[in-house]
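J.: here you go, sequence then predicted model.
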Amino acid sequence: MYAQMVQSTGTLKTREEMDERERAFQDRIDAGEKIEPQDWMPEGYRKTLVRQIGQHAHSEIVGQLPEGNWITRAPTLERKAILLAKVQDEAGHGLYLYCAAETLGVSRDEMTEKLHDGEMKYSSIFNYPTLTWADIGAVGWLVDGAAIMNQVALQRTSYGPYSRAMVRICKEESFHQRQGYSIMMKMAAGTPEQKRMAQDALDRLWYPSLMMFGPSDAESVHSAQSMAWKIKVSTNDELRQKFVDQTVPQAEYLGLTIPDDKLAWNEEKGGYNFSEPDWQEFHDVLAGNGPCNADRMAARRTAWEDGAWYRDGLVAHANKRAAQRMAAE
Amino acid sequence: MSSEWPLWEVFIRGQHGLNHRHVGSLHAPDAEMAIKNARDVYTRRNEGVSIWVVPSNQITASVPSEKGPMFEPSKSKIYRHPTFYDIPDEVGHM
Ligand SMILES: [Fe+2]
Ligand SMILES: [Fe+2]
């Protein structure tokens, strides 16, 4: 997802192995109580949350880049205004999440620097290019669609500030998916060339979208503790299955074909059978070798470094004004 | 130089007649910019008619571990609630 393969510190303890505070903490979580910043929490809980929320925040910010790429080239003024609003929302999502992470005693600048050092990650999906306007449609439809699947579940996460950020984000996300699908509808019902572009976008982005949910549960070593702490509330495979089941009929409506020969309705499980993405590719992209990793990181670093004079200038101005006010009092 | 912008807590009055409510926080160099940023971050869909910003380090909070002594005294004072009193039906609505 926006947070993939988040390493969970702290091994899953049995009740007997927990000390009194840990047991009381687990009881609160099991009772569905939200944990708030000033409450006692195990160090592993705090660390895992910082990683997960931080990675989620970075994904919102880096995720602006593939779409920002098309703002100046949107086909109409209306589409441009819509895309601009969507990308601006993503900046907001990043900020809500950084603030949630900051309640855990880490600063936004610290997290930003860790991203730039490669010590923190962002979602693999944003390392794929947006080559045509149809990709902007497919990103809204599939990538935001997959993100919503995860974020709706995360509204029930145990950490209060994270959960509240998710509630806010979910309210804004459905516009993102709908504007994407609306682009796809236009393209799929357009000229043969436009329809080909729509199909091509789906072909390229389908498997990377499936990868967003992270590796299969069987392989996901960090899930158990995160699930027990309700930092994660659904498994990767559950969410992926839900996403496929939701998306297949939407593709059919568009008259587009999902690039998977094995895709078939399975009456028994009440869902589709589908092919797994190439997990080797996923690991390669996460390791920094995707088509756009270098570009994305370069763009983020440049924005950070080129903006330093502005951030510093405003601080200098604020300090000067504060000094003047002091003198006047 | 690169000093981090301080953190501000943001409170928004959603509609006329309602209280300001805490909605989150943000970084800004001063109060004026904090209000501007709060407008962009927290009111993109007409969520507000008024914004307050307060430096986060100016907030004093009650201590979670003292929750008991702090809030329990009011629990036993059930006579503060109207339902404590039985008023006969004949008296009518009160
Ligand atoms: Fe988002
Ligand atoms: Fe989005």
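T.: Arrived safely. Ligands and ions are numbered 1, 2, ... in the order given.
J.: next one, pLDDT for A:Arg15 please.
T.: A:Arg15 is assigned 84 on the pLDDT scale.
J.: er, A:Ser275 actually
T.: 98.
J.: next: the one 4 residues further on.
T.: Per-residue confidence at A:Trp279 stands at 95 (pLDDT).
J.: am I right that it is in contact with A:Pro215?
T.: Yes - using C-beta atoms under 8 Å, A:Trp279 is in contact with A:Pro215, at 6.1 Å. All C-beta spots, glycine's among them, are computed from the backbone N, C-alpha and C.
J.: ok, those two, which is more surrounded?
T.: A:Pro215 (19 against 13; other C-beta atoms under 10 Å in any protein chain shown).
J.: where does the more buried one sit, in terms of helix or strand?
T.: Using DSSP states H and E, A:Pro215 maps to neither a helix nor a strand.
J.: try B:Val23
T.: According to DSSP H and E, B:Val23 maps onto strand B:20-27.
J.: ok, then the element right after that strand?
T.: helix B:31-42.
J.: pull the CA atoms of whichever helix or strand comes after that following helix into CSV?
T.: Next helix or strand after helix B:31-42 toward the C-terminus (DSSP H and E): strand B:50-55. In CSV, the C-alpha atoms belonging to strand B:50-55 read as follows (Å, rounded to 0.1, in the frame of the first residue of the first chain):
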residue,chain,number,x,y,z
SER,B,50,-13.2,31.2,11.2
ILE,B,51,-9.8,29.9,12.1
TRP,B,52,-7.7,30.1,15.4
VAL,B,53,-4.1,29.1,15.5
VAL,B,54,-2.1,28.6,18.8
PRO,B,55,1.6,27.7,19.1
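J.: strand B:50-55 near chain A anywhere?
T.: No - counting by C-beta under 8 Å from any C-beta of the partner chain, chain A has no neighbours in strand B:50-55; the shortest distance is 11.6 Å.
J.: mean confidence for the following helix or strand past that strand?
T.: Downstream of strand B:50-55, the first helix or strand assigned by DSSP H and E is helix B:67-71. Averaged across helix B:67-71, the pLDDT comes to 89.
J.: what's helix B:67-71 in contact with?
T.: Contacts of helix B:67-71 with the rest of the structure, by C-beta atoms under 8 Å, 6 or more residues apart in numbering or on different chains, involve B:Ser62, B:Val63.
J.: and A:Asp135, how far is that from A:Gly255?
T.: Separation of A:Asp135 from A:Gly255 (C-beta to C-beta, to the nearest Å) stands at 18 Å.
J.: check the burial of residue 78 by counting its neighbours.
T.: As the question left the chain open, I've gone with chain A. Count around A:Glu78 with other C-beta under 10 Å applied: 9.
J.: not what I meant, chain B
T.: Using other C-beta under 10 Å: B:Ile78 sits among 9 other residues.
J.: which positions in the stretch 201-329 of chain A make contact with chain B?
T.: A:Ala308, A:Arg311, A:Asp312, A:Leu314, A:Val315, A:Ala316, A:His317, A:Ala318, A:Arg321, A:Ala322.
J.: try it again at 10 Å.
T.: A:308-319, A:321-322 (C-beta under 10 Å from any C-beta of the partner chain).
J.: drop anything exposed from the residues you listed.
T.: A:Arg311, A:Val315, A:Ala318 (16 or more other C-beta atoms under 10 Å in any protein chain shown).
J.: so which of those are in helices?
T.: In helices, defined here by DSSP state H, the members of these are A:Arg311, A:Val315, A:Ala318.
J.: what's the separation between the second one and A:Glu102?
T.: Here the distance between A:Val315 and A:Glu102 works out to 18 Å (C-beta to C-beta).
J.: check the first one too.
T.: According to C-beta to C-beta, A:Arg311 stands 17 Å off from A:Glu102.
J.: one more: A:Arg46?
T.: As judged by C-beta to C-beta, A:Arg46 and A:Glu102 stand 12 Å apart.
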